[in-house]
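Participant: here is a sequence together with a model predicted from it:
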Amino acid sequence: MTLVLLTGASGYIAKHIAVDLLNSGYEVRASVRSLGRAPEIIEAVSPHLIDAGNLDSRLTFVELDLLSDSGWVAALTGVDALVHTASPFPLVQPKSEDELINPAVQGTRRALTAAHNAGVSRIVLTSSIAAIYGGQPAGIELGEHLWTDVTNSSVDAYTKSKTLAEQAAWELADTHNLQLTTINPSVVVGAPLDKNFGSSISIIERLINRKDPVLPKLTFAYVDVKDVAHMHVAALGNSATIGQRYLATSDSLSFAEVVSVMQSAYPNRKFITRIAPNFLIRLVGLFDKTVKASLAYLDKPMITVNVKAEQDFNFKFRPAGQAIVESAEYLIENGLVRK
């Protein structure tokens, strides 16, 4: 296996996957919505490669759209495996849930169907803890056996999109005998490879910038982006992962604990430490769409178990606090947050 089609290659996680693939000896055919993004990706990954020689032949680009059939079969012709990461991830919920659900579900169906038609059977899909966590009762330990109930009224559009997309992938895998593995990360943190980072890093950015005068009672599970990338690539060479879904997660931390970790690393910076009652956060949510998107998670901590992933991939997840500090360090050193 040498050539991998990596979709959504301009994404925060996908750029790390590209580095891992190239350093592991794979050739990468990277899909972007516009070929104009190619120089950005090359610039981001090059400094992190063991050997950047002959990169123009080892890293090539194709233009693909999740909502268009154009180019998919051609892009997959001659490919040994598909790593499908492309999916919208907004910081706020859209006016219409179809804005997220349609590209996520249709894009997954389009990618996997095209893979089947091109004779590509090995597929690794980036799903999310959202496909596990949504609508679950408070306090439940989250594992791969659980699925989000998309009919639950508390489940938002993003959570629906990730759940329905992963379910569509498993249906197609069964229909077409595809060798599918899904990776379901919790909140992904860790230093980005460039300034085009994802919505998850915006949580760290918001806390450093003291955007809110108080902290909500939110506890999320976090995972280092490098671990997420490693799992995608390691799955390709591990046949035991075929037909399996894996929760990629390290530690669960409250916002207060996240702030404490960053305060320890940056003792001279000021951070908000006051914790707000839930009624106040709900009030703020009436006026702030970002806050509103988090209301369903109040007093509903993400408690996760990662035994299956650590056993099957034979590794240990890096501490979430370390990845959070590396995220903060990147933002601070690159002048992306207030002094």
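Facilitator: Great, that's in hand.

Participant: you'd agree residue 83 is in a strand?
Facilitator: Yes - counting by DSSP: H, G, I helix; E, B strand; the rest coil, residue 83 is located in a strand.

Participant: how many other residues sit next to it?
Facilitator: For residue 83, the count of nearby residues is 30 (other CB atoms under 10 Å). All C-beta atoms are positioned from the backbone trio N, CA, C, and that covers glycine.

Participant: likewise for the one 3 residues further on?
Facilitator: Using other CB under 10 Å, residue 86 has 24 neighbouring residues.

Participant: then residue 268?
Facilitator: So residue 268, with other CB under 10 Å, has 5 neighbours.

Participant: next: residue 115.
Facilitator: So residue 115, with other CB under 10 Å, has 26 neighbours.

Participant: ok, now how distant is it from residue 123?
Facilitator: 6 Å (CB to CB, to the nearest Å).

Participant: do residue 146 as well
Facilitator: Distance from residue 146 to residue 123, by CB to CB: 22 Å.

Participant: ok, then the element right after the host helix or strand of residue 124?
Facilitator: In this assignment (DSSP states H and E), residue 124 forms part of strand 122-126. Downstream of strand 122-126, the next assigned helix or strand under DSSP H and E is helix 130-133.

Participant: contacting residues around that following helix?
Facilitator: Residues from elsewhere that reach helix 130-133, judged by CB atoms under 8 Å, 6 or more residues apart in numbering: 142-144, 146-148, 158-159, 162-163, 165-167, 184, 247, 302.

Participant: which of those are buried?
Facilitator: The neighbour count (16 or more other CB atoms under 10 Å) marks 142-144, 146-148, 158-159, 162-163, 165-167, 184, 247, 302 as buried among those.

Participant: wait, residue 263 touches residue 257, no?
Facilitator: No - look at residue 263 against residue 257 with CB atoms under 8 Å: they stay out of range, at 10.4 Å.

Participant: show me the strands in the stretch 201-339 of the chain, by range?
Facilitator: Here the stretch 201-339 of the chain has its strands, by DSSP state E, counting those that start in this stretch, at 219-224, 245-248, 252-254, 303-304.

Participant: okay, now the sheet partners of the first one, with direction.
Facilitator: For strand 219-224, the paired strands and their directions (DSSP bridges) read strand 187-189 (parallel), strand 252-254 (antiparallel).

Participant: can you pull the buried residues of the last one?
Facilitator: Spelled out, it's strand 252-254. Here strand 252-254 shows 252, 253, 254 as buried, counting by 16+ other CB under 10 Å.

Participant: surely the second one and residue 223 touch.
Facilitator: No - at 11.4 Å, residue 253 and residue 223 do not qualify as touching, with contact defined as CB under 8 Å.

Participant: can you check which residues contact both of the two?
Facilitator: residue 320.

Participant: show me where the stretch 51-200 of the chain has strands.
Facilitator: Per DSSP E, counting those that start in this stretch, the stretch 51-200 of the chain carries strands over the ranges 59-63, 81-84, 122-126, 141-142, 179-185, 187-189.
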